[in-house]
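Novice: let me see the structure of the following:
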Amino acid sequence: TTVSGGAGISSRSTCEAGPCLGWQTRRCENRSGQSLWPPCHATAVNSNAADALLCHVLACWRAFRDSFCFPQALRSTGLMTTDPRLRDCMKQLHQSVHESIGTVMMDQELFRKCVGSNIVLLTQAFRKKFIIPDFETFASSINQLYYNAQLQDGGQVADYIPQLAKFSPDSWGVSLCTADGQRYSVGDTTVPFCLQSCVKPLEYAIAVHEAGSEAVHRYVGKEPSGLKFNKLSLNEDDKPHNPMVNAGAIVTSSLVKPGAKKAERFDYVMEFVKRMAGREYVGFSNATFQSERETGDRNYAIGYYLKEKKCFPEGVDMMAALDFYFQLCSIEVTCESGSVMAATLANGGICPITGERVLSSEAVRNTLSLMHSCGMYDFSGQFAFHVGLPAKSGVSGAVLLVVPNIMGLMCWSPPLDRLGNSVRGIHFCQELVSLFNFHNYDNLRHFAKKLDPRRQAGDDRNKSVVDLMFAAYSGDVTALRSKEGQMDIDKRTDSQYYDHRTALHVAAAQGKNAASCSSLTVTLSIQRSSNLLS
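Specialist: Now for the predicted structure:
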């Protein structure tokens with residue numbers, strides 16, 4: 001059988017999601033009469049506290065599954081069997097199955113051996129403690145948004161770079177990776193494509209990480225230009241407007257590893273990008289690079305203009321800087337690896353699937369700020385208004401979207417609108433924010449409520465009850481009335497804490513809160529009268 005995303009393993013048991021390694025939940029003994037683990041009954045308690053904790057979690061999971069399939073259960077939490085953090089766990093599973101004959105039953109010793117190094121991660125996953133607890137429901141919503149965007153059939157594939165014109169206009173993929181490493185992909189997410197302008201925030205982040213913000217911005221500005229991305233234009237200080245337009249990106253590329261040999265500089269950036277992508281697919285399209293060199297007249301014109309205005313650091317070879325810029329634009333990723341790069345930015349510079357710090361906090365903060373204000377060409381203002389998130393688009397059809405502290409996404413669809421942005425990518429981002437409260441200003445008080453995938457069912461009610469209890473404890477009558485007004489009539493004064501106390505109990509126990517007790521008693525009387533009338 002096959003573990004999703006992993007190597008093939010052999011077993012007689014299969015499940016709906018494909019063959020996998022499973023625990024039989026209706027059997028508590030193996031053929032030798034030995035007790036199986038995790039146990040079917042709560043009476044079997046393991047001496048190891050960590051094992052017992054995860055055993056309890058898995059037992060709860062089994063309660064509504066006819067058979068427990070480990071890889072399938074992992075996927076339901078958003079974890080992939082190929083996750084680097086689970087490498088040892090999956091290796092042990094594969095080895096155990098290869099060494100066995102017939103159906104593999106998971107006993108206590110094998111279970112501890114497999115999950116011992118991942119007990120914290122797996123417990124978090126199965127107890128729904130990740131950033132998006134109900135990942136299956138969230139993934140279902142992403143799926144629907146994907147198919148809605150697929151209906152958008154406008155736009156034209158970029159043809160001014162011959163290699164880009166070869167992509168099918170029907171290609172469309174979306175991948176996401178959360179700050180906890182939860183993954184979901186739908187569509188053409190394993191097809192390699194060039195980053196093109198999506199590399200600009202990455203090279204800027206590397207430059208700031210290496211040299212610092214002050215050193216970088218001696219040569220490039222921070223303001224949106226309001227002009228096309230490939231315009232021959234500088235700001236009033238004779239500097240490129242920002243690192244997200246071609247002029248700024250060419251200058252920024254000259255600041256990365258200055259003085260090193262060409263091959264060393266390219267390897268240096270490739271290594272950075274691979275670390276951001278968690279060592280997932282990052283390649284290089286030599287054909288696109290050669291195509292850029294042969295047809296990049298506008299970029300050559302920008303290069304000479306920058307040279308005339310002395311925009312480059314002293315001693316920089318303008319042609320070498322252009323060559324390096326063309327190379328960086330020709331770096332290839334897939335939607336899947338690109339989403340991990342975006343998630344690294346969302347996670348403050350730490351790759352979520354490896355735990356490695358790749359970029360400094362300063363580099364990430366500045367990069368996201370510029371992506372928010374300048375990342376979508378001369379559609380940046382509209383995008384910031386409607387979507388309110390940092391993003392960067394490229395003429396290959398890619399859109400790299402960052403939801404800070406939550407997740408990163410990579411969308412890819414070659415047909416572009418008149419401004420050079422992916423038609424389907426823009427539509428997907430707008431619909432995503434219309435459904436979920438990801439917009440930068442959706443957290444304003446009294447704002448229209450959207451779905452919050454970070455909350456579990458009942459979180460709002462629990463928070464309201466806790467707030468009500470604290471208001472009663474402190475005797476804050478104004479806060480009490482406010483909290484009561486926000487709660488439904490049947491959830492107000494009769495709402496109980498974990499120890500069965502109501503807000504009235506808490507207020508009365510303080511002995512000094514006559515006004516609070518009076519307010520709560522009036523509310524309770526109104527509530528009881530309402531219930532009798534109904």
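Novice: let's see stretch 398-413 as CSV, backbone CA atoms only.
Specialist: C-alpha atoms of stretch 398-413 as CSV (Å, rounded to 0.1, in the frame of the first residue of the first chain):
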residue,chain,number,x,y,z
ALA,A,398,1.9,33.8,-10.4
VAL,A,399,0.5,35.6,-7.4
LEU,A,400,2.3,35.2,-4.1
LEU,A,401,-0.1,36.1,-1.2
VAL,A,402,0.9,36.4,2.5
VAL,A,403,-1.6,36.4,5.4
PRO,A,404,0.7,37.5,8.2
ASN,A,405,0.9,35.0,11.1
ILE,A,406,-1.5,32.7,9.5
MET,A,407,-0.5,31.3,6.1
GLY,A,408,1.0,31.9,2.6
LEU,A,409,-0.5,31.1,-0.7
MET,A,410,0.8,30.7,-4.3
CYS,A,411,-1.7,31.0,-7.1
TRP,A,412,-0.7,30.4,-10.7
SER,A,413,-2.7,30.9,-13.9
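Novice: what comes up buried for it?
Specialist: 398-404, 406-413 (16 or more other C-beta atoms under 10 Å). Yep, even glycine has a C-beta here, placed from its N, CA and C like the rest.
Novice: closest to residue 257 among those residues?
Specialist: For the buried residues of stretch 398-413, the minimum distance to residue 257 (C-beta to C-beta) is 22.8 Å, reached by residue 400.
Novice: before we move on, back to that, among the buried residues of stretch 398-413, which two are most distant?
Specialist: Spatial extent of the buried residues of stretch 398-413 (C-beta to C-beta) is set by the pair 404 and 413 at 24.1 Å.
Novice: quick test: name the residue nearest the centre of this structure.
Specialist: Centroid check for the chain by C-alpha atoms, centre = their mean gives residue 407 as the closest residue, at 1.9 Å.
Novice: what residues are up against the closest residue to that residue other than its chain neighbours?
Specialist: Among residues not flanking residue 407 along the chain, residue 178 sits closest, at 4.2 Å (C-beta to C-beta, 6 or more residues apart in numbering). Taking C-beta atoms under 8 Å, 6 or more residues apart in numbering, we find residue 178 in contact with 78, 130, 131, 132, 343, 352, 406, 407.
Novice: in helices only, show me those.
Specialist: Under the assignment DSSP state H, the contacts of residue 178 contribute residue 343 to helices.
Novice: picking up where we left off before, which one of the buried residues of stretch 398-413 is nearest residue 506?
Specialist: The shortest approach to residue 506 among those belongs to residue 406, at 34.6 Å (C-beta to C-beta).
Novice: that closest one against residue 179, yeah?
Specialist: Yes: when contacts are counted by C-beta atoms under 8 Å, residue 406 is listed as touching residue 179 (6.2 Å).
Novice: name the residues contacting each of these two.
Specialist: Listed contacts common to residue 406 and residue 179 are 131, 346; contacts here mean C-beta under 8 Å, 6+ apart.
Novice: residues contacting residue 322?
Specialist: Residue 322 touches 250, 296, 299, 300, 303, counting by C-beta under 8 Å, 6+ apart.
Novice: for it, give me the pLDDT.
Specialist: You'll see residue 322 listed with a pLDDT of 96.
Novice: roughly how far apart are it and residue 277?
Specialist: As judged by C-beta to C-beta, to the nearest Å, residue 322 and residue 277 stand 25 Å apart.
Novice: kindly report the same for residue 291.
Specialist: 24 Å.
Novice: between these two, which is the more surrounded one?
Specialist: Remark: of residue 291 and residue 277, residue 277 carries more neighbours, 26 against 20, as counted by other C-beta atoms under 10 Å.
Novice: in what helix or strand does the residue nearest to residue 145 when sequence neighbours are not counted lie?
Specialist: Once flanking residues are discounted, residue 145 sits nearest to residue 431: 5.0 Å by C-beta to C-beta, 6+ apart. Using DSSP states H and E, residue 431 maps to helix 423-435.
Novice: and the residue lying closest to residue 249 once chain neighbours are set aside, how far from residue 406?
Specialist: Computed as C-beta to C-beta, 6+ apart, the closest residue to residue 249 that is not its neighbour in sequence is residue 200, at 4.5 Å. Separation of residue 200 from residue 406 (C-beta to C-beta): 23 Å.
Novice: next, the distance between the ends of stretch 116-131.
Specialist: 23 Å (C-alpha to C-alpha, to the nearest Å).
Novice: ok now it, how far from the chain's centre?
Specialist: 18 Å (C-alpha atoms, centre = their mean, to the nearest Å).
Novice: do stretch 282-290 as well
Specialist: With C-alpha atoms, centre = their mean, you get 27 Å for stretch 282-290.
Novice: now do the helices in the stretch 151-300 of the chain.
Specialist: 200-211, 213-216, 246-253, 262-276, 286-295, 297-308 (DSSP state H, counting those that start in this stretch).
Novice: save these as CSV, and put in mean pLDDT and distance to residue 449 too.
Specialist: Converted to CSV, the helices of the stretch 151-300 of the chain look like this (pLDDT from 0 to 100; distance: least, C-beta to C-beta, whole Å):
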stretch, mean pLDDT, distance to residue 449
helix 200-211, 96, 32
helix 213-216, 95, 37
helix 246-253, 96, 39
helix 262-276, 96, 34
helix 286-295, 93, 45
helix 297-308, 95, 46
